[in-house]
Every structure is written in structure tokens, then in C-alpha cells.
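S.K.: Mind looking at a prediction? Sequence and model below.
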Amino acid sequence: MSAYVSALDLFSIGIGPSSSHTVGPMRAAAHFAGELQRSARDGRGPAGGGTGAPTHLSVVLCGSLGATGIGHGTPDAVVAGLRGQIAETCDPDAIPDGWEKLGDGSPVVIGRGLDADAAGEDEGEDLDEEPLVITVATADVRLAPLTRLPGHPNGMRFTATDDAGDVVVERVYYSIGGGFVLSEEELAQAEEAEKRQRAAEAVEPAPVEPAPVESVETVSTGSTNKTTVSAGSTNKTTVPTPVEPVEPVPYPVLNAAQLLAAADRTGLSIAEVAWANETALRPEAEVTAALDDIWQTMSDCVDHGLERHGTLPGRMKVRRRARSQREKLEVMDAAGAETTIEWLQAYAMAVNEENASGQRVVTAPTNGAAGIIPAVGRHYLRTHPELQGDDEATAAERRRTMRTYLLTAAAIGALYKRNASISGAEAGCQGEVGSACSMAAGAICALLGGTPAQVENAAEIAMEHNLGLTCDPVGGLVQVPCIERNAIAACTAVSAARMALQGDGSHVVSLDTVIETMRQTGLDMSSKYKETSEGGLAVNVIEC
């Protein structure tokens, strides 16, 4: 993949329980709502020149979306998106049961409240001139687990017809993980670009050296989330000359080898390389504010999860445990016991319990793995008393520290997104929890004083020991084994960082190699273990 993956895209504020099965479908539905509004306003019929207006609507959720959509709240997310709800700003408590409440047919105001960017409109277009109302029934949003669209396991088809039954607007979208969505056309373009990239790699490998900013151009695809995605790369020790245009960033690295080369050539840390790229695309103040908001949302999610009790949604009635663990740890702390690891686990469980209940979370890089990066970050702050004060100077230093943490994690996460996958439906849980564990390991290694080579080593260690991890959620819910798995992965991330700090950064398996291995493992993995609930724990644990 050639396009730059921004930290502000990789870390997106949304709702639980799934980035690919909740946030992505909501974004796709909101984009389709914009298409419907334009069609109704322009009076386009089936051939683009008729007068048929959209009066009927159907949505088919295919493959993994159909298999685990109920547990992930996918139909509810689609209905919310059609109504103009945006994952970043919606009221999480208003989303559940929206699908069932449609019943035999309820009026849906299409795209009410959508802004131009969310609906794919040009700036200045008035989306609320005349509200478009379509009656939609529960049966109109259909689950089709045995139907797989050709582009990705998480495919969905939206179709609007007029009173005569003629198609007015039809779109296919793919939710490719981490809340990222591509239309059918965008995915085809990305796959073609990947073919050209691989051809260039085979013919003319380039040395591992970042290109100057003047040699690249801005990519413009009209993507539903302004990010282009491809199937991955087989980069090993050499890097193909970029064939597709990329954003004008000073360090358009394609893999970890280039990232390390950029750091070595400039003397910058990995976070500083990422900062230079981010601020080439947006004003510094905007990047700073966004990163601070991301961390604050992560931290708030930890706090909320540590306070709430009760049971999580779903038939299993899984009890929340983070609050009771916090209460026990506070007693142990008062007695002088060692509780560092237990607090780390509690932080991760708190976030994932919030995610499982559909609350506000940060995709990092997915919702199923959303607890790891916040937990490891809070662990670092807890173990560094100099960052715990309430005065403005300490608070400012804490914000700077967490920006470094997030930028380092994002630089690593971008490599997984570009060269493998962060989608559980595509790569299994190694693509979600494995990627997040790797990101957190490299990021905390950097905070602990690690060199870029040690950071790369920490990230590699963490993923190496998550290879082959399956995604087999019991009942299609992001609860078992997901919540505990985040807690264990947070511990693995810290262990990987500490192991890397004991070395000098040289090691046998490179991060690029382990990313490619993860990609290949995902391709070889049976679909039963890729977010379909058709194998593993999902079929061996009795729901009750």
C-alpha cells in the first residue's frame, strides 16, 4: 500500500463493540445515506435521467458481518448510520435495538444531521433541504453469513429502489478493519495498485531510504474515510520503488526497514518521524489537539470501566470484573502488596468491558483490541510518579509523553495496516490483538528510553508470540475470550519491551518479516477462526 496511514485515522473515536462490525457499517450506511440524499435531490432515476425517487431500501450483511452481526450490533449500527448518526459523536446508548424497533416498517429520516464530510458531499452542499423519509422494516436489513462478496469477508450491499421496483442507487462497501471502509470501486483500485506495486518490487527493488517530500504527490481517491487500503506487501529486506502517489510527507516509509533508515539518517526517534509526517498534512495545533483528545478518551474509558458494575449485554450475562478488581487492588495497595501487573490487567479489562457494552472507545487499531494501548499507557503513567501531579506543568509533560506514546504506536500500526491486515475477519485475532500488542510494546519501549532499533525489536517480539491467534468470539460477542485476551496481551507488550531493552536492537527476526508471516498465516487460516464464530471456543463453549 502506498498511501500514508495517519495516526489520526488509525486511532479513531467511536463506539463498541466492534470497529469492523459496528463502526465500519455505521460509516458505510452514513455514506450511502448521502448517496440517497443526492439521488432524491437530483431526481435521478435508474439510468440517471429518470424521475424515480428512492422509496424502498434493503441492506444485506454478508460473510463475517452476517455471521456475527447480531452480537456485534451490526444491524443497529446500519440503521443508525442511515439516520445520520456518526460513530465519533453519537450517543452510544441510543444505538441498541434500533433494528428490531423497525418492526414491519418504520419511517427513517435518511441522513438527518449528516455533515458534508460524513456523507461524502462537497463542501457547501445543503443536505437538509428536504428530508428524505423511507419506510424501512427489520426484514429489510438482512444477515447473509453464507454469502461472501468477492472483495473481503466483511461485505455489505445497500440497494434503494423506487415504487416501480427499479434500482435507484446500489452500492457495495467493505469494512476492512479498524473502522476503515472502502467502496467496491475503491477496493478494486487499491488491488490494482497493489499488483503494480508487486510488479515493481519484482523488477526494480530500491534501497531502504525514505524519499524526499518533493518526489511524492497527494493521493485523492474519494474514499469514505480518506484512507486507501490494499491487500499487503511481501517486502523483506528491500523496498519497491513507490508506483502509486502518496501524501506529501517527508518520510513516506513503506515498511519497518525504511522507518529505521529514516530514524538512523536523521537522528529522529520513531515518534519524531511520525510527528514530521503528521504535521506535513495538518497544522501542528490540530495534530496536538487530536492526539490529546485521543489519549483523554482512552483514559476516560479506563476510568469509566473501573467504576461500572453489572453484566454485559448478551445471552451469556458476563459479569463486569474491572471494578471489583480495582476495589481489591486498592486494599492490596494499602497493605503494601505488589500489584503492578494486576492494575495493568484491570485497565485493559475496563476498556474492553466498556467496548463490549457499546460505549465510547478509541479504535486502537480495532475495537476488539481497544484495551491494550490504553492499558499499557496508563501502566506507564502509574509507574512514573513524576507524571501524576495535577499542576499544569506536570499535566503538560504528561500530555507530551502520551503524544510520543501514541505516535510511536501509530507508526508501528501503520505497517500492519499497510503490509498485512488489522481485520479479524481477514487475519484472525493476530491481526487485532497481535497488532495492538506489537504497537503497545514498541511504544512503551520508546518511553522507557529504547532506541529505534529496540523499539522495532519490541514490536517484533510482541507479534512473534501472537502469530496464529484465532478470532473465535463465543456467541459472536466481543466478550469471551476478548476481554481477558486484551489483559494478557497488555502484559505481553510490557514484557516484550523489557526484553528488547536488555538487548542492543539486533535480532534474528525482523519486524517486516514477522508482519509478512502474520499476513501469510492469516491467508492460510481457516475461515472458522476468522470472526465467524464457526470454530474454536465459539463452538466449544456453551452459551447460557
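M.R.: Good, I have the coordinates.
S.K.: which stretches of this protein have low pLDDT?
M.R.: Where the chain drops to pLDDT under 70, the residues are 1-2, 43-51, 113-129, 197-198, 200-247, 544.
S.K.: Try it again at 50.
M.R.: 1-2, 45-50, 115-128, 204-245 (pLDDT under 50).
S.K.: so who does the spatially most central residue of it touch?
M.R.: The residue lying closest to the centre of the chain (C-alpha atoms, centre = their mean) is Gly178, at 1.8 Å. Contacts of Gly178 were listed using C-beta atoms under 8 Å, 6 or more residues apart in numbering, and they are Leu10, Ser12, Ser19, Ser20, Thr363, Pro365, Thr366, Lys417, Ile422, Ser423. Every residue, glycine included, has its C-beta placed from N, CA and C.
S.K.: which one of those is nearest Leu260?
M.R.: Lys417 (18.3 Å; C-beta to C-beta).
S.K.: okay, now the residue lying closest to Ala427 once chain neighbours are set aside: neighbour count?
M.R.: Nearest residue to Ala427, sequence neighbours excluded (C-beta to C-beta, 6 or more residues apart in numbering): Gly522, at 3.1 Å. Gly522 has 24 neighbouring residues, counting by other C-beta atoms under 10 Å.
S.K.: does Gly522 count as helix, strand or coil?
M.R.: Here Gly522 takes the helix state, with states given by DSSP: H, G, I helix; E, B strand; the rest coil.
S.K.: and the gap between it and Ser435?
M.R.: In this view, Gly522 and Ser435 are 11 Å apart by C-beta to C-beta, to the nearest Å.
S.K.: Same question for Ala441.
M.R.: Counting by C-beta to C-beta - Ala441 and Ser435 are separated by 11 Å.
S.K.: Likewise for Gly98?
M.R.: Taken as C-beta to C-beta, the span from Gly98 to Ser435 is 31 Å.
S.K.: So for those two, which residue has more residues nearby?
M.R.: Just comparing Gly98 and Ser435: by other C-beta under 10 Å the higher neighbour count belongs to Ser435, 35 against 22.
S.K.: ok, and the closest non-adjacent residue to that one?
M.R.: Closest to Ser435 by C-beta to C-beta, 6+ apart is Tyr416, at 4.3 Å.
S.K.: can you check Met332 too?
M.R.: Sequence neighbours aside, Thr339 is the residue nearest to Met332 in space, at 5.1 Å (criterion: C-beta to C-beta, 6+ apart).
S.K.: so the one you found sits right up against Glu330, yeah?
M.R.: No. Counting by C-beta atoms under 8 Å, Thr339 sits too far from Glu330 to count as a contact (9.0 Å).
S.K.: between the two, which one's more packed in?
M.R.: Thr339 (19 against 12).
S.K.: Contacts only, for that one.
M.R.: Leu329, Met332, Asp333.
S.K.: need those residues in CSV with secondary structure, neighbour count and distance to Ser64, can you?
M.R.: Formatted as CSV, the contacts of Thr339 follow (DSSP: H, G, I helix; E, B strand; the rest coil; neighbours: other C-beta atoms under 10 Å; distance: C-beta to C-beta, whole Å):
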residue, secondary structure, neighbour count, distance to Ser64
Leu329, helix, 17, 37
Met332, helix, 14, 41
Asp333, helix, 13, 42
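S.K.: thought Pro481 was touching Leu537?
M.R.: Yes. In this structure Pro481 lies within contact range of Leu537 using C-beta under 8 Å: 6.0 Å.
S.K.: who has more neighbours, the two?
M.R.: Between Pro481 and Leu537, counting by other C-beta under 10 Å, Pro481 is the more crowded of the two (19 against 15).
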